[in-house]
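> take this sequence and fold it.
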Amino acid sequence: MKTHYIPRNKMVIAGTLGASYTPATYKTTDGQAYFMFKYIEVNGFIEIHIIEQPEYDNVDDDLSITHRLPSDREEYKICFSSGKEPKEIELAKGFSMAWAEYTWNYIKTGVTIDDQISGHNANQPDQKKRRFQEAPKSDETHPVVNAIKLIVFLTAVAFMIYKCF
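Modelled structure (predicted):
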C-alpha cells in the first residue's frame, strides 16, 4: 500500500468520501491522509476492502491491532465481529470513514484503535466539544450535523470492531 496516497481528484473535502459509489476516496478530517475503499456485497452484508491507505511506518501493522483481515482479492478488508457486518452501503461508508480516522490517528500517535475506542466510550466532554469544533465541513450539510454523524459512526465502530479478534 502506498504512503500518503493522493487521488486524481484532489477536491475531496476533509472528512467526506470523494464519491457516492465504489471505489471511494476518503480524506481525513485533518486533510493529511487519503484512504480508498471498495464496497462489495457478500452473503447479505457489505465487505469494506481497503484499496489504498497510508503506510503504518513506525507502528505495528499486525492485523489484530489494525482491525484488518486478508481478502481473497489480494487486499485487506475491515474486520467486523461476526454478525455485526454492515448490511447497507451507507452504513458501510460510515464505518470506512470512522476506521480511516482511527487508523490515521493510530499512525500519527501510536494509540491503537482499541485504546481510542475505549477513550471514546469514556465520559470526556472536552473531547466531544473539540470534535464538534473540528467537524468536517460539507457544502451539503451543516458542520454540526456532520460532527454528530461522525460521533455516531465512531461509536458504532467501537461496538462493531472492538471484539473482532
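> any idea of the mean pLDDT for the helix or strand hosting residue 115?
Residue 115 belongs to helix 113-121 when elements are defined using DSSP states H and E. The average pLDDT within helix 113-121 is 80.
> flag every buried residue along it.
113, 114, 116, 117, 120 (16 or more other Cβ atoms under 10 Å). Every C-beta, even on glycine, is put in place using the N, C-alpha and C of the backbone.
> same check, this time on stretch 99-110
Those would be 99, 100, 101, 102, 103, 104, 105, 106, 107, for stretch 99-110 by 16+ other Cβ under 10 Å.
> got it, and stretch 84-93?
84, 85, 86, 91, 92, 93.
> go on, stretch 39-58?
39, 45, 46, 47, 48, 49, 50, 51, 52, 53, 54, 56.
> what does stretch 64-73 give?
Quick answer for stretch 64-73 (16+ other Cβ under 10 Å): 65, 66, 67, 68.
> where along the chain do the strands fall?
For the chain, strands defined by DSSP state E occupy the ranges 24-27, 34-42, 45-52, 68-70, 76-78.
> among these, which is nearest residue 61?
Checking the strands of the chain against residue 61 by Cβ to Cβ gives strand 68-70 as the closest, at 8.5 Å.
> grab the nearest non-local neighbour of residue 53.
Computed as Cβ to Cβ, 6 or more residues apart in numbering, the closest residue to residue 53 that is not its neighbour in sequence is residue 35, at 4.8 Å.
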